[in-house]
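[1] Provided below for reference: sequence and predicted model.
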Amino acid sequence: MLNDYHIHALSHGEYRHTMDWLSLFVKKAQQEKLSEIGFAEHDEFRHLISFDNIQQVKEQFPEIKIKTGLEVDYIPGREDEIKLIKASQNWDYLIGSVHFIDGWPFDHPDHKGKFTVSDIDEIYYKYFMLVKQAVETNYFDVVGHLDLVKIWGNRPLTKTMLYYITPVLKIIKDSGMAVEINTSGLRKPVKEIYPAPEIITQMYSMEIPILFGSDAHHPDQVGMNYQEAVLQAKRAGYHEIVIFSDSKKQTIKF
């Protein structure tokens, strides 16, 4: 039993939650033999979510569980806003993600050049400090694409990835949050799953729960590269994932 809890049917606002469009995501999930999916739009487009149409799709496809989440950008100073967002709907789960470092959208292709003129180790340090702060808010259920900072293939020069991430994993463990195994990195220049295999192994040793996500922005991407995700998770020792309903966590075998 596998889930894909990171689906953006609205993409970056260019699509709409029509019944026909939402149905395409569900049908692709069925083809991929997924037991659950979750529509988790970017929070900036939450005003475009059609909860009525999502409910109708649930009724149209009772054989697959469909959840409603949200991916929320953590930026220092947004804490009160995020608290209101969390309370605004009965979300099944919230994904907390970091896409900005001091206002820099580091994962946007138009802004990746800054990696070539900056201290890479400082970038990694700042990124994981922001992830740590996001976890410490206790507003999120899932950490999104944990090591997204590697997206363009830039790696820390003086320290290992685990040096930066292990203190964050300790905070994640204490928080009870799950970490997604996100396959979208395989579609990016880094050509590596988020998080990296050695991080997944470290997570397993710390008993940090996981779930799966494709970060799909189109129906064709639902469940994409899950064979690799499952392989890496099982190599690390995982045989269970978590699912969410009303922010309540449950563990199932996969």
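    Everything's here; your move.
[2] and stretch 113-125, what's its mean pLDDT?
    For stretch 113-125, the mean pLDDT works out to 96.
[3] gap between the two ends of it?
    18 Å (Cα to Cα, to the nearest Å).
[4] for that stretch, buried residues please.
    115, 120, 123, 124 (16 or more other Cβ atoms under 10 Å). All C-beta atoms are positioned from the backbone trio N, CA, C, and that covers glycine.
[5] next, residue 6: phi, psi?
    phi -130, psi 80 (degrees, to the nearest 10).
[6] scratch that, residue 139 is what I was asking about
    Dihedral angles for residue 139 - degrees, to the nearest 10 - are phi -90, psi -10.
[7] pull the number of nearby residues for it.
    Around residue 139 there are 18 other residues, counting by other Cβ atoms under 10 Å.
[8] contact partners for it?
    72, 79, 82, 83, 86, 94, 96 (Cβ atoms under 8 Å, 6 or more residues apart in numbering).
[9] top of those residues by number of neighbours, please.
    residue 72 (26 neighbours).
[10] columns secondary structure on top of the buried residues of stretch 113-125, output as JSON lines?
    Below are the buried residues of stretch 113-125 laid out as JSON lines (DSSP: H, G, I helix; E, B strand; the rest coil):
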{"residue": "115", "secondary structure": "helix"}
{"residue": "120", "secondary structure": "helix"}
{"residue": "123", "secondary structure": "helix"}
{"residue": "124", "secondary structure": "helix"}
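[11] make a markdown table out of those and add distance to residue 152.
    Listed next are the buried residues of stretch 113-125 as a markdown table, based on distance: Cβ to Cβ, whole Å:
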| residue | distance to residue 152 |
| --- | --- |
| 115 | 6 |
| 120 | 11 |
| 123 | 11 |
| 124 | 13 |
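[12] just the closest of the contacts of residue 139 to residue 63, please.
    residue 94 (26.2 Å; Cβ to Cβ).
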